[in-house]
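S.K.: here are the coordinates; sequence isn't available:
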């Protein structure tokens, strides 16, 4: 090495040493161990020109009986890929009142700015907590969340719901079968609900709530044209209750088919009933919406001959693709083809079909359109 190069290297090493000496204060920052700041993307295609929004309309914080601060709910929703969130703390049940001041508007106020910064559509809501029956009700798009009930109110169940109705709230009946094994009449279409329904005071029902599927509620929604809802009703950390490391498991939510990602568009879609409830492997909703969602997610490619005849003379191969993060489990109902198809999120599968069939009929056994009926779809063959 020449003397010039040797001098240059020596000065470089000296310079690095001097800089290090100037900046090394004895503290090593190990930021590589932090969770990366990233948002998961839930891939579900648009449906009939509507955006598919991932929504949770039933969550709790320490301002009722939840275990987390309101901003944590927003952070979770952003990280998990949700588009819309409502914090719906109980009006009448505040078990942390000795430690957290009772203010029914405060959880919304504390989380509102963070939701806006993270582009989460944040809807003000509350849970009206009555005895079962009649049960609990969530009210979305409310104004002032205080003063829903007076201690001397002899008709407090009805008046609490009417307070929300007078604020032009979107109201849905929560977990209608929650105490089915404890309280007689807890899972019936009772007179109280019928009265609210006839007065247009109840607009939807939770079909999925957390880890429960209320099958009768799906039939009520279909028969009475109410909006199908799916919610987490989360009280703890979402990651505490759900195994989010499993790609098939998500918090329970509502898929809303909205014109835009705005509060007004979400409200319009809810009122029109353009929803499907999603609980990890399971879907539930009105048949037209579940079918449209399926066909937006699943497509069949062009066929190619099997060469050796496959399962029979004239058999062809087809690739069937799942373009979404949903899960579909299918069983053949009519046609001569592969009997069972399991489409994992973002995957494809090769099936065979014999002859010159134009279509096959499959039952999607994890998609419910009534309590006792699965979605049935026709798969076109090119």
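M.R.: Nice, I can see it. Owing to the predicted nature of the structure, the values given are computational and were not obtained by experimental measurement.
S.K.: List the residues that contact residue 324.
M.R.: The neighbours of residue 324, taking C-beta atoms under 8 Å, 6 or more residues apart in numbering as the test, are 43, 44, 45, 296, 297, 345, 346. All C-beta atoms are positioned from the backbone trio N, CA, C, and that covers glycine.
S.K.: Check residue 204 too.
M.R.: Counting by C-beta under 8 Å, 6+ apart, residue 204 has contacts 170, 171, 172, 173, 221, 226, 227, 228, 229, 270, 273, 275.
S.K.: ok, back up a step: can I get the contacts of residue 324 in a markdown table including distance to residue 186, pLDDT and secondary structure?
M.R.: Shown next, in a markdown table, are the contacts of residue 324 (distance: C-beta to C-beta, whole Å; pLDDT from 0 to 100; DSSP: H, G, I helix; E, B strand; the rest coil):
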| residue | distance to residue 186 | pLDDT | secondary structure |
| --- | --- | --- | --- |
| 43 | 38 | 98 | coil |
| 44 | 34 | 98 | coil |
| 45 | 38 | 98 | coil |
| 296 | 37 | 98 | helix |
| 297 | 36 | 98 | helix |
| 345 | 36 | 97 | coil |
| 346 | 40 | 97 | coil |
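S.K.: which ones among the contacts of residue 204 are found in helices?
M.R.: 221, 270 (DSSP state H).
S.K.: show me where the stretch 1-150 of the chain has strands.
M.R.: Using DSSP state E, counting those that start in this stretch, the strands of the stretch 1-150 of the chain run over residues 51-56, 84-87, 121-129, 136-140.
S.K.: can you tell me the average pLDDT over the second one?
M.R.: In other words, strand 84-87. For strand 84-87, mean pLDDT rounds to 98.
S.K.: Same question for the first one.
M.R.: What strand 51-56 shows for mean pLDDT is 98.
S.K.: quick revisit: mind listing which of the contacts of residue 204 are in strands?
M.R.: 170, 171, 172, 173, 227, 228, 229, 275 (DSSP state E).
S.K.: Beta-bridge partners for the second one, please?
M.R.: When you say that, I think you mean residue 171. Note on residue 171: beta-bridge partners residue 139, judged by DSSP bridges.
S.K.: I'd assumed residue 213 was in contact with residue 177.
M.R.: No: with contacts counted by C-beta atoms under 8 Å, residue 177 stays clear of residue 213, the gap being 9.1 Å.
S.K.: end to end, how far does stretch 334-348 reach?
M.R.: 21 Å (C-alpha to C-alpha, to the nearest Å).
S.K.: from the chain's centre, how far out does that stretch sit?
M.R.: 25 Å (C-alpha atoms, centre = their mean, to the nearest Å).
S.K.: before we move on, what about stretch 284-301?
M.R.: The answer for stretch 284-301 is 17 Å, by C-alpha atoms, centre = their mean.
S.K.: ditto for stretch 217-231
M.R.: 16 Å.
S.K.: Make CSV out of the ones in strands among the contacts of residue 204 and add neighbour count, pLDDT and distance to residue 263.
M.R.: As requested, the ones in strands among the contacts of residue 204 are arranged in CSV below (neighbours: other C-beta atoms under 10 Å; pLDDT from 0 to 100; distance: C-beta to C-beta, whole Å):
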residue, neighbour count, pLDDT, distance to residue 263
170, 23, 98, 11
171, 22, 98, 16
172, 25, 98, 16
173, 25, 97, 22
227, 24, 98, 16
228, 30, 98, 20
229, 30, 98, 17
275, 26, 98, 16
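S.K.: what bridges to residue 321?
M.R.: residue 299, residue 348.
S.K.: coming back round to it: could I get the contacts of residue 204 in JSON lines, plus columns for distance to residue 62?
M.R.: Below are the contacts of residue 204 laid out as JSON lines (distance: C-beta to C-beta, whole Å):
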{"residue": "170", "distance to residue 62": "25"}
{"residue": "171", "distance to residue 62": "25"}
{"residue": "172", "distance to residue 62": "24"}
{"residue": "173", "distance to residue 62": "25"}
{"residue": "221", "distance to residue 62": "32"}
{"residue": "226", "distance to residue 62": "32"}
{"residue": "227", "distance to residue 62": "29"}
{"residue": "228", "distance to residue 62": "30"}
{"residue": "229", "distance to residue 62": "24"}
{"residue": "270", "distance to residue 62": "27"}
{"residue": "273", "distance to residue 62": "33"}
{"residue": "275", "distance to residue 62": "29"}
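S.K.: Show me which of the contacts of residue 204 is closest to residue 372.
M.R.: residue 221 (14.5 Å; C-beta to C-beta).
S.K.: Okay, helices next: where are they in the stretch 51-200 of the chain?
M.R.: 70-80, 106-117, 156-166, 191-198 (DSSP state H, counting those that start in this stretch).
S.K.: which stretch in these has the least confidence?
M.R.: helix 156-166 (a mean of 89).
S.K.: List the buried residues for that helix?
M.R.: 156, 157, 158, 160, 161, 163, 164, 165 (16 or more other C-beta atoms under 10 Å).
S.K.: Mean pLDDT per helix and strand in the protein: which one sits at the bottom?
M.R.: helix 3-23 (a mean of 54; mean pLDDT, DSSP states H and E).
S.K.: that older thread, out of the helices of the stretch 51-200 of the chain, nearest to residue 328?
M.R.: Nearest of these (C-beta to C-beta): helix 70-80, 21.3 Å.
S.K.: for the closest one, packing partners?
M.R.: Helix 70-80 is packed against strand 84-87, helix 106-117, helix 238-241, with contacts defined by 3 or more C-beta pairs under 8 Å, 6 or more residues apart in numbering; DSSP states H and E.
S.K.: what's in contact with it?
M.R.: 38-40, 42, 56, 59, 61, 63, 85, 87, 106-108, 110-111, 114-115, 118, 120, 122, 234, 237-239, 244, 250-251.
S.K.: try it again with 7 Å
M.R.: 39-40, 56, 59, 61, 85, 87, 107, 110-111, 114-115, 118, 120, 238, 251 (C-beta atoms under 7 Å, 6 or more residues apart in numbering).
S.K.: for stretch 283-291, same thing?
M.R.: 207-208, 218, 222, 228, 273-277, 366-369, 375, 377.
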